[in-house]
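Q: Dropping the sequence and predicted coords here.
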Amino acid sequence: MSAKILSGTETAKAIRQELAQEVAELKAKHNVVPGLVTILVGEDPASQSYVTAKNKTAKELGIYSEQISLPATTNEADLLALVNKCNQDPKINGILVQLPLPKHINEARVLYTIDPNKDVDGFHPVNVGKMMLGEQCFLPCTPHGILELLTRGGVNTKGAEVVVVGRSNIVGKPIANLMLQKRPAGDATVTICHTRTKDMAAHTRRADIIIAAVGVPKLITADMVKEGVAVIDVGVNRIGMTESGKAILAGDVDFEAVKEKASCITPVPGGVGPMTITMLMKNTVQSAKMAAGLI
Ligand code: GUN
């Protein structure tokens, strides 16, 4: 049996329609326009395309957006000064510094300088701590998008065996934590696998839900999953180039083979990616409402 495709493109479209309406109402009723700034340092092509997509989506939803691109040689003090300026700017509700940053810049110092009330990425330790405690905060966008996909896709997580492959601060650690909480798309029994895991397949084979977020193309093969598993593929790996110069992408899951055993699966592209961007917009709208005293 071939799996149901959990389309991030379609789910994101539905959420964006809701958000566009909310943004229009905020403007009409309260004269509030949410504002987002993205800051990109350097010329990494993947980062450039992510940042461009984020600003394009913001504009489509009626969110004010600024895209600041700085050379790779930018020094840390100048970047911190820019972040501080954005912290003070009342037009800006969300600040996103695209990662990774060049090696000579201390990433943590930059992220910790962002006002936690404008940290729409959910990377500041204040928001990470609140997330762990299950308090109101900005949830990190990719895990937040996964929760929405699972909920709206009708995947039952209560008591489910979830295996997260990958332990990054952006995806693996937060999604594992969120799914063990008492919340929608939560109440799961969670295992995290990583590079030092002794027998990864032994874990993935007993999973009801697999979240793959390692950045290794097609790591999860059909023999590593059980019949009926739900699969969320977070990987976006560039495995080649078309003749016209377009990147060929593959996820962390061998999609063609695994979809024959899974009950549902996200594609790459068109799975988690559009959800991540949409959750950034949701967080920016939430931030604007908080700044205006509406929540
Ligand atoms: N680089 C890869 N994913 C992300 C993300 O979600 N936010 C930021 N700021 N940088 C990233």
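A: That came in fine, so what should we check first? Remember, predicted model here, so these are calculated numbers, not experimental data.
Q: three-state assignment of residue 96?
A: When classified by DSSP: H, G, I helix; E, B strand; the rest coil, residue 96 comes out as strand.
Q: who's in contact with it?
A: 36-39, 54, 120-121, 280 (C-beta atoms under 8 Å, 6 or more residues apart in numbering). C-beta: built from backbone N, CA, C; applies to glycine.
Q: Check these and tell me the two furthest apart.
A: 39 and 280 (13.5 Å; C-beta to C-beta).
Q: Of the two, which one has the most company?
A: Remark: of residue 39 and residue 280, residue 280 carries more neighbours, 26 against 22, as counted by other C-beta atoms under 10 Å.
Q: So for that one, what's the nearest residue that isn't a sequence neighbour?
A: In space, and not counting its chain neighbours, residue 280 is closest to residue 141: 4.8 Å by C-beta to C-beta, 6 or more residues apart in numbering.
Q: distance of the one you found from residue 257?
A: 29 Å (C-beta to C-beta, to the nearest Å).
Q: thinking again about what came up before, thought residue 276 was touching the residue nearest to residue 280, still the case?
A: Yes - here residue 141 reaches residue 276: they are 4.7 Å apart, a contact under C-beta atoms under 8 Å.
Q: for the stretch 151-295 of the chain, what spans make up the helices?
A: 172-180, 200-204, 255-258, 272-291 (DSSP state H, counting those that start in this stretch).
Q: just these: most buried one?
A: Comparing the helices of the stretch 151-295 of the chain by mean neighbour count (mean count of other C-beta atoms under 10 Å), helix 272-291 comes out on top with a mean of 24.
Q: Any chance you could give me it in CSV, C-alpha atoms only?
A: C-alpha atoms of helix 272-291 as CSV (Å, rounded to 0.1, in the frame of the first residue of the first chain):
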residue,chain,number,x,y,z
VAL,A,272,8.3,20.4,6.2
GLY,A,273,10.0,23.3,4.3
PRO,A,274,6.8,25.4,3.6
MET,A,275,5.6,24.7,7.1
THR,A,276,8.8,26.2,8.7
ILE,A,277,8.3,29.5,6.8
THR,A,278,4.6,29.6,7.6
MET,A,279,5.3,29.2,11.4
LEU,A,280,7.8,32.1,11.2
MET,A,281,4.9,34.2,9.9
LYS,A,282,2.6,32.9,12.7
ASN,A,283,5.2,33.8,15.3
THR,A,284,5.6,37.3,13.8
VAL,A,285,1.9,37.9,13.9
GLN,A,286,1.9,36.6,17.5
SER,A,287,4.7,39.0,18.4
ALA,A,288,2.9,42.0,16.9
LYS,A,289,-0.3,41.1,18.9
MET,A,290,1.8,40.9,22.1
ALA,A,291,3.5,44.2,21.4
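Q: What are the buried residues along stretch 258-271?
A: 258-259, 261-262, 264-268, 270-271 (16 or more other C-beta atoms under 10 Å).
Q: So for residue 52, what's the nearest residue that isn't a sequence neighbour?
A: residue 67 is the one closest to residue 52 (C-beta to C-beta, 6+ apart), at 7.5 Å.
Q: Could you check how far that neighbour is from the ligand?
A: 13 Å (C-beta to the nearest ligand atom, to the nearest Å).
Q: Same question for residue 155.
A: From residue 155 to the ligand the distance is 22 Å (C-beta to the nearest ligand atom).
Q: how many other residues sit next to the closest residue to that residue other than its chain neighbours?
A: Nearest residue to residue 155 in three dimensions, chain neighbours excluded: residue 230, at 4.9 Å (C-beta to C-beta, 6+ apart). Residues near residue 230, counting by other C-beta under 10 Å, number 27.
Q: Many thanks, I have nothing further to ask.
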